[in-house]
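In: sharing a model prediction with you, sequence too.
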Amino acid sequence: MKESLTAIDIMVLVGELKALLKGAIVSNIYHVPDSLFLFKLHTKDGRKDLLIEPPRRIHLTKYEYPKPQKPTSFCYALRRALRQARIQDILQVEMERIVEISLLKGKEGIEYRLVIELFREGNLILIDADGRILQALRYKRMRDRAIVRGEHYVYPPRNTLNPLEAPITDVLSMFSKSKGSLVRNLVTRLGIPPEIAEEICFLTKIPKDRPIRGISPDEVRDLLRSFREIYESLAQGSKEPCIVKREEGYVGVYPLRLKHLEHMTLIPFKSFNEAVDEYFSFLIKELDSLELRKSTSTELLKLERRIAQHKELMNQRLMESKRYRDLADSLYANLPLIEALIKTLKEFREKLGSWDLALGAIQASHPSLARYISSIEPHKATIIVKVGDKEIPLDLRLSPAQNAERYYNLAKNLARKAKRMAELIEAEKLKLLKIGQESPSVTRLKPRFIQRREWYERFYWFRTSNDVLVIGGRDSRQNDLLVKRYLRDDYLFFHADIYGGPVVVPLADRASIKESDIQEAAQFAASFSRAWREGLSSIDVYWVYGHQVSKSPPSGEYLPRGAFMVRGKRNYLRNVPLKVKVLLLDLNGLPKLMCASALTSRHECLIWIELMPGGIEKRKVSQKIKDILIKKCGVDDFEAYLRRLPVEEIERLLPPGRARIMRIGSHSETQEERSP
């Protein structure tokens, strides 16, 4: 899996970034652990978020990343220097993984350069107009340069030939002294990205695994020509951004379609920035999941080892408990004999003065008892007696019955310990099962969707089943704006046949409007009119052409704000039912809520909820819609988005007035929902 951008990737990205961000103003900077920086920018097209993660990537992002409450000292220094600075230029240093952003701040015109090094461990370096280092993410002294505050910044020396400029003789000379395969040397000696190295081998039909010393001058010439053609094509803007995917996940992100990867699935994108943003948001999750899987695997191994050790110890204690119990049982079964033996032995000991003499005497006079004695250990006051196939140590300071009781107590204690160990093993097994069942998830960093409103979202809006954008006024001011700015002569104008309702305009000419679009726009106009608030079930709606609508009243009359004149024939749709649908859409991986006509059907829809006028307050209906969407969406990222979504955002989509939920549906099911 590709884990960082190449020099070719950076060239393409810089071209896109320059077009989008030149003249942008730095609004704020955030440092997200570990080394991810988010630059909030204001451009002529609105807000843009530039994400920089040395040494991995630089690109615009549509995702939101968690921002720390307090900036790091380095982030604070960047804010102090670059807030309100304007981006003058963005460039790539030769064919290196280095990006340089030039900025200008204030009336004084203070110049800064922000250097992003996307190689080795990566770095982010702020430089003044004289080229002196003001701040750096990482300070370091090296053999050929120093990243130290106050020193002049020096670019790292190139340690490979430049494949765009190097004469073929130099390349051949270098290859003649090299070892290994062709593709490896293209990467390490010429600095060609791995995927491009494989691509030019594929295009020139030269095996990538060929030994480098066997490559002919003509083959080297073909390889260099192929690389330069790819480079020039990308430099001139001829690109086909895509993500390459296998069944198990993404493989890489590339600015062009690679012939040697065409057997895999390719996901096209409009811009390389979008492709890189999507790829790395996935990569973060994959890397964190891998990290979690490793830690989970380590924890599983530790638990398994601990369970094995505890099982072994438990079995030892059970065996010891059984042995002690058997000894006690044997003592009790032969208690009279053992008591006679101990009594006789102690009597001889008192007469003769030593245990050895007592043992000799009992062997001579009482051989039937002596055969039960295995040995005597006087210094331990212990005698070992043989009972059947067992040898039982007895404490001579205790009676045989007390010795038996001592063995029973030892057996009980060990049995209790074994039981506690068994309980511990069961608890560890449950923990093991829980860890094994848990799906690895992102724990360190998870980007979230940024929901930015489109220009038309200040109005009531929806897209029809045929993807025609329809907008309606929320109030008299917006009705005026729609008629004056957006209504063209060949557009259609819809209005419910009741005082108090939105002007509804499909943003397409009559030739592009189908009958189904008219039906949907009419129902939308009916549902968002005063008829909904009054609890009507249906109402008439009319439509006319844009040239029939005027804001100019007859002579001597006055039109208030939001009012208009309609001249000529009106086309009526009778008894249009008041119904709407709230749809949760999946727009290329981004969630979007839309309130549309109940007739609207969208292939991007995951879940829809149908409403009609009813008795439940708008806020309560909105909360219920949110709860249903969270429960049924089935997509983790979408569920997280819905949980964060304020209920006011759903309320804002709905018609004015009370409502009730009629039906809930998805791509796989439809069900009735009875609301009071």
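Out: Right, received. Where do you want to start?
In: count of neighbours near residue 6?
Out: When neighbours are defined as other Cβ atoms under 10 Å, residue 6 has 21 of them. Yep, even glycine has a C-beta here, placed from its N, CA and C like the rest.
In: leaving out chain neighbours, which residue sits closest to it?
Out: Nearest residue to residue 6, sequence neighbours excluded (Cβ to Cβ, 6 or more residues apart in numbering): residue 193, at 3.5 Å.
In: grab the longest strand from this structure for me.
Out: Counting by DSSP state E, the longest strand found in the chain is strand 605-616.
In: alpha carbons of it, as PDB, please.
Out: The C-alpha coordinates for strand 605-616 follow below in PDB (Å, rounded to 0.1, in the frame of the first residue of the first chain):
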ATOM      1  CA  CYS A 605     -30.700   7.400  -1.300                       C
ATOM      2  CA  LEU A 606     -29.900   5.100   1.700                       C
ATOM      3  CA  ILE A 607     -33.100   5.900   3.800                       C
ATOM      4  CA  TRP A 608     -36.200   8.000   3.200                       C
ATOM      5  CA  ILE A 609     -38.900   9.100   5.600                       C
ATOM      6  CA  GLU A 610     -42.300  10.300   4.300                       C
ATOM      7  CA  LEU A 611     -44.200  13.000   6.100                       C
ATOM      8  CA  MET A 612     -47.600  14.700   5.800                       C
ATOM      9  CA  PRO A 613     -49.300  17.400   7.900                       C
ATOM     10  CA  GLY A 614     -50.100  16.100  11.400                       C
ATOM     11  CA  GLY A 615     -50.200  16.900  15.100                       C
ATOM     12  CA  ILE A 616     -46.600  16.500  16.200                       C
END
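In: partner strands of it, parallel or antiparallel?
Out: Its sheet considered, strand 605-616 pairs with strand 580-587 (antiparallel), strand 659-666 (antiparallel) by DSSP bridges.
In: show me what counts as buried in the first one.
Out: This points to strand 580-587. Across strand 580-587, burial judged by 16 or more other Cβ atoms under 10 Å covers 580, 581, 582, 583, 584, 585, 586.
In: low pLDDT regions in the stretch 301-450 of the chain?
Out: Counting by pLDDT under 70, the stretch 301-450 of the chain contains low-confidence residues at 436-450.
In: let's see it at 80
Out: Counting by pLDDT under 80, the stretch 301-450 of the chain contains low-confidence ranges at 301, 432-450.
In: ranges for the strands of it?
Out: Along the stretch 301-450 of the chain, the segments classed as strands by DSSP state E, counting those that start in this stretch run 373-377, 382-387, 390-395, 448-449.
In: nearest to residue 68, of these?
Out: Proximity of those to residue 68 was assessed by Cβ to Cβ; the nearest stretch is strand 448-449, lying at 15.0 Å.
In: helix or strand right after that closest one?
Out: Scanning forward in sequence from strand 448-449 by DSSP states H and E, the next helix or strand is strand 460-463.
In: check contacts around the closest residue to residue 186 other than its chain neighbours.
Out: Sequence neighbours aside, residue 197 is the residue nearest to residue 186 in space, at 4.0 Å (criterion: Cβ to Cβ, 6+ apart). Residue 197 sits next to 183, 186, 187, 208 when contact means Cβ atoms under 8 Å, 6 or more residues apart in numbering.
In: if we go to 10 Å?
Out: Listed by Cβ atoms under 10 Å, 6 or more residues apart in numbering, the contact partners of residue 197 are 163, 182-188, 190-191, 208, 223, 227.
In: returning to that earlier point: gap between the residue nearest to residue 6 and residue 187?
Out: Using Cβ to Cβ, to the nearest Å, one gets 7 Å for the distance from residue 193 to residue 187.
In: what sits in contact with each of the two?
Out: Shared contacts of residue 193 and residue 187, defined by Cβ under 10 Å, 6+ apart, comprise residue 6.
In: how about residue 175, nearest residue that isn't a chain neighbour?
Out: Spatially, and ignoring its direct neighbours in sequence, residue 175 is nearest to residue 212 (5.2 Å; Cβ to Cβ, 6+ apart).
In: if we can go back for a sec, out of the strands of the stretch 301-450 of the chain, which is closest to residue 154?
Out: When the strands of the stretch 301-450 of the chain are compared by Cβ to Cβ, strand 448-449 sits nearest residue 154, at 39.2 Å.
In: now do the helices in the stretch 201-350 of the chain.
Out: Along the stretch 201-350 of the chain, counting by DSSP state H, counting those that start in this stretch, helices occupy 217-235, 272-333, 335-352.
In: how far is the longest one from where the chain is centred?
Out: If I follow you right, that is helix 272-333. How far helix 272-333 lies from its chain's middle: 27 Å, per Cα atoms, centre = their mean, to the nearest Å.
In: tilt between it and strand 390-395?
Out: Taking axes from the mean of the first three to the mean of the last three Cα atoms, to 10 degrees, one finds helix 272-333 and strand 390-395 inclined to each other by 80 degrees.
In: now the angle between strand 382-387 and helix 272-333, please.
Out: 80 degrees.
In: now residue 475. Nearest residue, chain neighbours left out?
Out: In this structure, residue 475 finds its nearest non-sequential neighbour in residue 562, 7.2 Å apart by Cβ to Cβ, 6+ apart.
In: try residue 563
Out: In space, and not counting its chain neighbours, residue 563 is closest to residue 476: 7.8 Å by Cβ to Cβ, 6+ apart.
In: hang on, the earlier thing: now render the buried residues of strand 580-587 as CSV, adding pLDDT and distance to residue 81.
Out: Shown next, in CSV, are the buried residues of strand 580-587 (pLDDT from 0 to 100; distance: Cβ to Cβ, whole Å):
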residue, pLDDT, distance to residue 81
580, 97, 51
581, 96, 51
582, 96, 46
583, 96, 46
584, 94, 43
585, 92, 42
586, 87, 41
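In: and those residues as CSV, adding distance to residue 143?
Out: Shown next, in CSV, are the buried residues of strand 580-587 (distance: Cβ to Cβ, whole Å):
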residue, distance to residue 143
580, 69
581, 67
582, 64
583, 61
584, 58
585, 56
586, 53
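In: nearest to residue 44 among those residues?
Out: In terms of Cβ to Cβ, no member of these lies closer to residue 44 than residue 585, at 28.2 Å.
In: hmm, the closest one is touching residue 601, no?
Out: No - judged on Cβ atoms under 10 Å, residue 585 makes no contact with residue 601 at a distance of 11.7 Å.
In: the residue nearest to residue 186 - that's part of a helix, no?
Out: Yes - under DSSP: H, G, I helix; E, B strand; the rest coil, residue 197 falls within a helix.
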